[in-house]
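Q: with the input below, show me the fold.
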Amino acid sequence: MSREGFSPKPRVFISYARKDGEEFATNLRKRLEKDEPEITLWQDRAEMEGGVGWWKQIEEALDQVRFLVIVMTPAAMLSEMTRKEWRLRVGVVNPEPSLHIELQEIVGMWVKAFNNGQDQRRA
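A: Model (predicted):
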């Protein structure tokens, strides 16, 4: 929640498999919140409210965001939930994919988050 007392509309939905991607996804979210606060994020463990249907909250978040970032791990590749999120984001809700627009920027931040803040990309 922002300092003004309301949650801004998220721009990026972070999708991952809890089995092997939760720690990375959480570290990515925390790094982006710290280094790029203008990029509003949605991650289930940080944003979901108790007592409200979990899939409804995911659908609403996917409907609002502009970008879907999938933490691609072996479990995510096999996850039906990851596939459902992908299909909902790029198929039914938003038939025009917009994922490529800021991909290089997001991947650069992802690399930094993965390397504990050390940007190790080669020039």
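
Q: ranges for the strands of this protein?
A: Remark: strands of the chain, listed N- to C-terminal, are 12-15, 41-42, 67-70; assignment by DSSP state E.

Q: so which elements touch the second one?
A: Going back to what we said before, that points to strand 41-42. If contacts are counted by 3 or more Cβ pairs under 8 Å, 6 or more residues apart in numbering; DSSP states H and E, strand 41-42 sits against strand 12-15, helix 18-35. All C-beta atoms are positioned from the backbone trio N, CA, C, and that covers glycine.

Q: ok, back up a step: nearest to Glu23, out of the strands of the chain?
A: Among the strands of the chain, strand 12-15 comes nearest to Glu23, with 12.4 Å by Cβ to Cβ.

Q: give me the contact list for that closest one.
A: Counting by Cβ atoms under 8 Å, 6 or more residues apart in numbering, the neighbours of strand 12-15 from elsewhere in the structure are 25, 28-29, 32, 39-43, 61-62, 65-71, 76, 82, 85-86, 89, 106.

Q: quick revisit: show me the one of the helices and strands packed on strand 41-42 that comes nearest Lys56.
A: Checking the helices and strands packed on strand 41-42 against Lys56 by Cβ to Cβ gives strand 12-15 as the closest, at 14.6 Å.

Q: average pLDDT across the closest one?
A: Averaged across strand 12-15, the pLDDT comes to 92.

Q: name the strands paired with it and say parallel or antiparallel.
A: The sheet places strand 12-15 alongside strand 41-42 (parallel), strand 67-70 (parallel), with pairing taken from DSSP bridges.

Q: which residues sit against the first one?
A: Residues outside strand 41-42 that contact it (Cβ under 8 Å, 6+ apart): Pro10, Arg11, Val12, Phe13, Ile14, Arg29, Leu32, Glu33, Ala61, Gln64, Val65.

Q: that older thread, got a markdown table for the strands of the chain, with mean neighbour count too?
A: What follows is those, written out as a markdown table (neighbours: other Cβ atoms under 10 Å):
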| stretch | mean neighbour count |
| --- | --- |
| strand 12-15 | 24 |
| strand 41-42 | 23 |
| strand 67-70 | 21 |
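
Q: which one of the ones you listed lies closest to Gln57?
A: Smallest distance to Gln57 across the strands of the chain (Cβ to Cβ): 9.3 Å, for strand 41-42.
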